[in-house]
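S.K.: how would this look folded up:
(chains A and B)
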Amino acid sequence: MRVFLILLKRELGFYLSTLTGYVILSMVMFLVGLSLLTVILAYNGRAMDAPITEAFYNTPFFWFIVLLACPAITMRSFAYEKSSGTYEALMTTPVSNLQVVASKFLASWLFYGVMWLPLWGFMIWIGRFFNDPGYLDAGIVAGTVLGVMLVGGLFLSLGCLASVVTRSQLIAAMLALTMEMVLFMLSFVIDLLPDQSGWQAAFFGYICLFDHMTDFVRGAADGRFLMFYATTTGLFLFLTWRMVESRK
Amino acid sequence: MECKQHPGGYALPTFHGRFSFALGLFCQQNASRTVSGGLDRVLECMIQVEQLTKRYAGHTALRDLSFAVQRGQVAGFLGPNGAGKSTTMRIMSTFMPATSGKVRIAGYDIERKPREVRRRIGYMPENNPLHLDMRVEEYLRFRAGLKGLSGSAFRKRVAEVLDQCDLVEVSRRVIGQLSKGYRQRVGVADAILHRPEVIILDEPTSGLDPHQVRLFRKLITSLARAHTVLLSTHILHEVEILCDRILILHAGRLLADDTKKDIHRRVGALTHVLAELAAPWEALSHALEAMPAVAEFRIEDIGHGFLKCRLTSKEGIDLRPLLFEEAKHRGWALRELTQQKPSLEDLFVQLTHVGRGRAET
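M.R.: Next up, the predicted model:
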């Protein structure tokens, strides 16, 4: 456990000691600020028919942030260490492969969580202007945080897998973005199906990231969706771990 | 002599035959005594490589490599780029699996007990990769934590290593801002942090200036007292100075496994003396033939009354004082007397030639 915490601290420290980390934080803060502006302009003086979290989610910036920030966060996790040679130095100390994968993933996830802090700040700030507290209760916020973190976890695990197969950070980022886009685009397949009652519709409905997030931002956490994120994230981390194990 | 592996996790060198089996049984019954024992401990086999082969797609990097290094020895891998030095070291450090063959470090099999092996080795990879954004002391603390050091010993050991590697004055500096010499020292400091039994250094002096190389060699020599060291280089002179054992690799094969004495003999046999003398051809030829230490010579007329001769000695004897005395005795003018040491290339030509000769016979 001690070794894991040392690795985690180092990984987090790297995000905060290099320019990459601050560039990601600044860009996300800028985009979250734009989404705040959009929400204010759209709902100023008008009645809202959905929680404030959903209003933020419905701006075009949410998926933009998730899809672009995740590859930027994970691209360096393995690829940078491999290209700089520090991976060899790391993997010849008495650390386990699982500790390495878990620390890199968790550090990226924590950094991703920090990255979203401005959004929660804006929500709390804007929530003060609502007369009805139902627009921003604890359940809705918790559901939104859970959704944001679960989608992020899934994309970050994909990013880790992309980063472990190459030495180039650029290729790692492109690969992660491609895989994320494929997963994201699958959410549109359900709309293209002629038969909305068949097993195909049920399957694509189950993996539809849009539907998951819509539920989460309304404060609902469906157990099936939680299972979906747990298994897919676990699967990609398992594949990452297997890639680390099978270095030739 | 070969090394026999003890099932309890360490190895002992024994002589061939039944005696080794008998000694193995004896060791099994007296494990703790033998490990802590005097002579046995000195001769304990710390690195044992047996028929190691590494194949990449369409390319064999190592072929049936076998050697053993005893406790306290400084062994040097000598070979040109692509000889397989780094591949062997990467396999030994558990970073990369071998295609076939066995490697035991301090008695532990690298495939079965990789973490035990990692606890016992200090490895500095090729090009000495470091976290350039960290400060020296911060980096060493990070690495010490990864290597399992904790408590009061942790800080004490980091301070000791900083002192030992002469890094105290740069301990607060960012590694990326340090000179190559300092960075190499940080690499070695990292390798020795957890007091490993075996230190593996991949080209530790590459890219250093002559002054830094000298300091670095001094550091490695000081380490040799307490550790078994395996280092790689492509500089012949370096292994001559630093190593007790020299393992010469070429194209993934072990060409020679020499002691310091053997390598001196090899180098001596390939060392030439060049002299320019104002002497009559016949007289010089007779004089050189009469010198028992001269193995062969070649004389060439270079004009202006001077002859140039190229001499090879027997058994690595330095011919310069002998030739000087001869010239002085006969009253010949001597305007040049130099020794030409062989390059690594010369040594390889000789070794591959000998190998081919043996194969043909």
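
S.K.: for the residue nearest the centre of chain A, pull up the helix or strand it's in.
M.R.: The C-alpha lying nearest the average C-alpha coordinate of chain A belongs to A:Gly152 (CA atoms, centre = their mean; 1.3 Å). Assigned by DSSP states H and E, A:Gly152 falls within helix A:138-164.

S.K.: so that helix, near chain B or not?
M.R.: No - Helix A:138-164 does not reach chain B (CB under 8 Å from any CB of the partner chain); its nearest approach is 15.0 Å. Any C-beta I mention is one placed from the backbone N, CA and C, and that applies to glycine too.

S.K.: what is the next helix or strand after that helix packed up against?
M.R.: Remark: after helix A:138-164, the chain's next helix or strand is helix A:169-192, criterion DSSP H and E. With contacts defined as 3 or more CB pairs under 8 Å, 6 or more residues apart in numbering or on different chains; DSSP states H and E, helix A:169-192 has these neighbours: helix A:61-74, helix A:79-84, helix A:138-164, helix A:199-206, helix A:209-217.

S.K.: could you dump the next helix or strand along the chain from the second one to PDB, C-alpha only?
M.R.: Secondary structure here is assigned by DSSP H and E; on that basis, the next helix or strand after helix A:79-84 toward the C-terminus is helix A:86-91. The C-alpha coordinates for helix A:86-91 follow below in PDB (Å, rounded to 0.1, in the frame of the first residue of the first chain):
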ATOM      1  CA  THR A  86      12.000   5.900 -16.800                       C
ATOM      2  CA  TYR A  87       9.500   3.000 -17.400                       C
ATOM      3  CA  GLU A  88      12.500   0.600 -17.400                       C
ATOM      4  CA  ALA A  89      13.800   2.100 -14.200                       C
ATOM      5  CA  LEU A  90      10.300   1.800 -12.600                       C
ATOM      6  CA  MET A  91       9.600  -1.700 -13.700                       C
END
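
S.K.: does helix A:86-91 reach chain B?
M.R.: Yes - counting by CB under 8 Å from any CB, chain B has neighbours in helix A:86-91: A:86, A:88-91.

S.K.: which positions in the stretch 101-250 of chain B make contact with chain A?
M.R.: Residues of the stretch 101-250 of chain B found near chain A (CB under 8 Å from any CB) are B:115, B:118-119, B:121, B:123, B:125-127, B:129-133, B:142-143, B:145-148, B:150, B:190.

S.K.: try 10 Å this time
M.R.: B:114-134, B:138-139, B:141-148, B:150, B:174, B:187, B:190-191, B:193-194, B:200, B:202 (CB under 10 Å from any CB of the partner chain).

S.K.: filter these down to the buried ones, PyMOL style.
M.R.: Those of those that count as buried under 16 or more other CB atoms under 10 Å in any protein chain shown are selected in PyMOL with:
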select buried, chain B and resi 114+116+117+118+119+120+121+122+123+124+125+126+128+129+130+131+134+138+139+141+142+143+144+145+146+147+148+174+187+190+191+193+194+200+202
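
S.K.: sort out for me which of the residues of the stretch 101-250 of chain B next to chain A are in strands.
M.R.: B:121-124, B:200, B:202 (DSSP state E).

S.K.: that older thread, go through the helices and strands packed on helix A:169-192 and pick out the most buried.
M.R.: helix A:138-164 (a mean of 23; mean count of other CB atoms under 10 Å in any protein chain shown).

S.K.: which helices and strands sit right next to it?
M.R.: helix A:52-57, helix A:61-74, helix A:79-84, helix A:97-115, helix A:117-127, helix A:169-192, helix A:209-217, helix A:223-245 (3 or more CB pairs under 10 Å, 6 or more residues apart in numbering or on different chains; DSSP states H and E).

S.K.: out of the residues of helix A:86-91 next to chain B, which is most surrounded?
M.R.: Among the residues of helix A:86-91 next to chain B, A:Ala89 has the most neighbours (other CB atoms under 10 Å in any protein chain shown), with 24 neighbours.

S.K.: and the residue lying closest to that one once chain neighbours are set aside, what does it touch?
M.R.: Closest residue in space to A:Ala89, ignoring its immediate chain neighbours: B:Pro129 at 5.4 Å, by CB to CB, 6 or more residues apart in numbering or on different chains. Neighbouring residues of B:Pro129 by CB atoms under 10 Å, 6 or more residues apart in numbering or on different chains: A:81, A:83-90, B:183, B:187.

S.K.: what sits against the residue nearest to the centre of chain A?
M.R.: Contacts for A:Gly152 were tallied using CB under 10 Å, 6+ apart; they are A:65-66, A:69-70, A:73, A:108-109, A:111-113, A:115-116, A:159, A:229, A:233.

S.K.: hmm, back to that, mind putting the helices and strands packed on helix A:169-192 into a markdown table with distance to B:Tyr108 and mean pLDDT?
M.R.: Formatted as a markdown table, those follow (distance: least, CB to CB, whole Å; pLDDT from 0 to 100):
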| stretch | distance to B:Tyr108 | mean pLDDT |
| --- | --- | --- |
| helix A:61-74 | 35 | 90 |
| helix A:79-84 | 26 | 92 |
| helix A:138-164 | 27 | 90 |
| helix A:199-206 | 48 | 77 |
| helix A:209-217 | 48 | 78 |
